[in-house]
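Colleague: what follows is a predicted protein model with its sequence.
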Amino acid sequence: MTAPAGHLPALAAAVLQPGFVGTTPPPWVCRWLGEGLGSVVLFARNIVDPAQVAALTATLRAERPDVIVAIDEEAGDVTRIESGRGSSRPGNFALGAVDDPALTEAVARDLGIELAAAGVTLDYAPDADVNSNPDNPVIGVRSFGADPALVARHTAAWVRGLQAGGVAACAKHFPGHGDTRVDSHHDLPRITAGRDRLDACELAPFRAAVAAGVQAMMTGHLLVPALDPELPATLSQRILGGLLRDELGFSGVVVTDAVEMRAVADRYGFAGAAVRALAAGADAICVGGERAGERDARELRDAIVAAVVSGELPEERLAEAAKRVGQLAAWTVAARTAPTTGVRDVTDVGLVAARRAVRVTTRPGPAVLPLTRPAYVVEFEPPRNIAIGAETPWGIGEPLGELLPGTDTVRYADPDVPADPGAPAGGRPLVLVVRDLHRHEWMRDAVRRAVAARPDAVVVELGVPELVTGAVHLATHGATRASGRAAAEALTGRT
């Protein structure tokens, strides 16, 4: 079926999921909703508190009742709804460490109920990547773990829980971003695994997500030669059509990772990447993490229309994409208006999960824990993972200070670490806080010096605990607010 040419701008707008700046919808977004825009996506810059988000989404819905309101909320180190204070949930890696799918489902359902109450209808989660490469700079604790079967069962549990809470889930980053040393925000990662390995590892969680009824899938900007030797997954018909649709049997909405990311934008252009993605089989174009104005949205819309007119993008493909977005919108309306099955648990399921994820390793020698006196906390700050908001707090100094008043905290980044970072502790307990210690040589050197001077030092790992050191090593499997609180409780023997 071919739509009249006058419908093309509305069809093009229907497949966009743009972000915007501000805590209220700007006029252009409201106007576009009346002209066919089907979705928007919220980031930390749009969020103050739940009441404000609810008012924002109500304004959007007044313009278009079935608008899809998406958010990039992983309920871990990557959080938007709690970006200003840190997530009250521990994140995927911690849930994988506990390995209780019922707990994962409960945490995701709790999040779904919270998001639904704020008017959010689509969440770019769960992260279904298998973190098989411990040196991965962008996934890490965002993954449930390195074991494909574990990641698969928790991906399915997360999907079930979130959608039971009334919010559509979106598994990412298909076909799998775990086995890479490159961050696709900056460049194009290359996954060199053969097809057998991909089937056994990377694809297993996405198959589980499909079986669990996931409503959306997010593509990864990844070159996977075993699947397509030329085009990244987001732009590959072989991967989106042949693999995801035909082999995995996925019938929901395919959403791109942000098209302004350099992995695709540097090679194919901002608008060119969007057009190619739609032609390859994507249904919705995520944009606005970094380009978030009407000019950017118009550039994409106009490029899509021009591609249809020129024949580069078949009109039937665009109409199919818009139809799928409409079907997802209908699902979200039904979920929003269904009799609620969900009242949030009176227990703080996020903190419960964070406590269960703590792992303590002790070496022979005098007992160091529990800490009973004010401590000296040294937090080592690695380069920021761009997926994690710069505004999101982390660390254990604050919660430990609440339990042990008088505790002092200092934070160092490379190259500002002193020769003996623990020296100011004097006779106080010394706590060294790290994130992915194994990935940062400067951090390892600093911790080595501190432990040599203070063999009784406690090391708290808030990232992937690939390297265990110190008289006591405590792993939280995440750097969220809940994880920091759980660590402080474990150090002091209090719950």
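Modeller: In hand now; what should we look at?

Colleague: which ones are touching the closest residue to Ala125 other than its chain neighbours?
Modeller: Leaving aside its sequence neighbours, Ala125 sits nearest to Glu74 (Cβ to Cβ, 6 or more residues apart in numbering; 4.8 Å). For glycine as for every other residue, the C-beta is placed from the backbone atoms N, C-alpha and C. Residues in contact with Glu74 (Cβ atoms under 8 Å, 6 or more residues apart in numbering) are 91-92, 124-127, 142.

Colleague: now Val368
Modeller: 362, 429, 456, 458, 471-472.

Colleague: give me that answer again for 10 Å
Modeller: By Cβ atoms under 10 Å, 6 or more residues apart in numbering, the contact list for Val368 reads 362, 429-430, 455-458, 470-472, 491.

Colleague: hang on, the earlier thing: now the contacts of Glu74 as JSON lines including distance to Arg384?
Modeller: Formatted as JSON lines, the contacts of Glu74 follow (distance: Cβ to Cβ, whole Å):
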{"residue": "Gly91", "distance to Arg384": "16"}
{"residue": "Asn92", "distance to Arg384": "19"}
{"residue": "Tyr124", "distance to Arg384": "19"}
{"residue": "Ala125", "distance to Arg384": "20"}
{"residue": "Pro126", "distance to Arg384": "22"}
{"residue": "Asp127", "distance to Arg384": "18"}
{"residue": "Arg142", "distance to Arg384": "14"}
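
Colleague: can you pick the most crowded of these?
Modeller: Asn92 (35 neighbours; other Cβ atoms under 10 Å).

Colleague: with adjacent residues omitted, what lies nearest to Ala446?
Modeller: Val417 (4.5 Å).

Colleague: quick check: the one you found vs Arg153, distance?
Modeller: 40 Å (Cβ to Cβ, to the nearest Å).

Colleague: now do Gly427
Modeller: From Gly427 to Arg153 the distance is 47 Å (Cβ to Cβ).

Colleague: more neighbours: these two, which one.
Modeller: Shown here are Gly427 and Arg153; by other Cβ under 10 Å, Arg153 has more neighbours (20 against 7).

Colleague: separation between the more buried one and Pro101?
Modeller: Counting by Cβ to Cβ, the gap from Arg153 to Pro101 is 5 Å.

Colleague: pretty sure Ala58 is touching Arg64, no?
Modeller: No. Judged on Cβ atoms under 10 Å, Ala58 makes no contact with Arg64 at a distance of 11.9 Å.

Colleague: in terms of neighbours, single out the busier of the two.
Modeller: Set side by side, Ala58 and Arg64 show more neighbours around Arg64, with 19 against 11, by other Cβ under 10 Å.

Colleague: identify the residues contacting the more buried one.
Modeller: Here Arg64 is in contact with 30, 32-40, 329 (Cβ under 10 Å, 6+ apart).

Colleague: which among the residues you listed count as buried?
Modeller: 30, 32-33, 36-40, 329 (16 or more other Cβ atoms under 10 Å).

Colleague: which among those residues gets closest to Cys201?
Modeller: Ser39 (31.5 Å; Cβ to Cβ).

Colleague: mind listing the strands for the stretch 201-350 of the chain?
Modeller: 216-219, 253-255, 285-287 (DSSP state E, counting those that start in this stretch).

Colleague: now mean pLDDT and mean neighbour count too, for those, in CSV please.
Modeller: What follows is the strands of the stretch 201-350 of the chain, written out as CSV (pLDDT from 0 to 100; neighbours: other Cβ atoms under 10 Å):
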stretch, mean pLDDT, mean neighbour count
strand 216-219, 98, 26
strand 253-255, 98, 28
strand 285-287, 96, 27
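
Colleague: do you know which of those strands lies nearest Val451?
Modeller: Checked against Cβ to Cβ, the stretch from the strands of the stretch 201-350 of the chain lying closest is strand 216-219, at 40.8 Å.

Colleague: what helices and strands are in contact with the closest one?
Modeller: strand 168-174, helix 204-211, strand 253-255, helix 315-337 (3 or more Cβ pairs under 10 Å, 6 or more residues apart in numbering; DSSP states H and E).

Colleague: recalculate using a threshold of 7 Å.
Modeller: strand 168-174, strand 253-255 (3 or more Cβ pairs under 7 Å, 6 or more residues apart in numbering; DSSP states H and E).

Colleague: got those strands as CSV, with distance to Glu316 columns?
Modeller: Shown next, in CSV, are these (distance: least, Cβ to Cβ, whole Å):
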stretch, distance to Glu316
strand 168-174, 23
strand 253-255, 16
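
Colleague: looking at these, which is nearest to Val214?
Modeller: Across the helices and strands packed on strand 216-219, closest to Val214 is strand 168-174 (Cβ to Cβ), at 5.1 Å.

Colleague: now the helix or strand that comes right after the closest one: buried residues?
Modeller: Using DSSP states H and E, the helix or strand that follows strand 168-174 in sequence is helix 195-200. Residues 197-198 are the ones in helix 195-200 that count as buried (16+ other Cβ under 10 Å).

Colleague: also stretch 324-342?
Modeller: Quick answer for stretch 324-342 (16+ other Cβ under 10 Å): 324-326, 328-329, 331-333, 335-336.

Colleague: now, which of those sits nearest Val107?
Modeller: Ala335 (18.7 Å).
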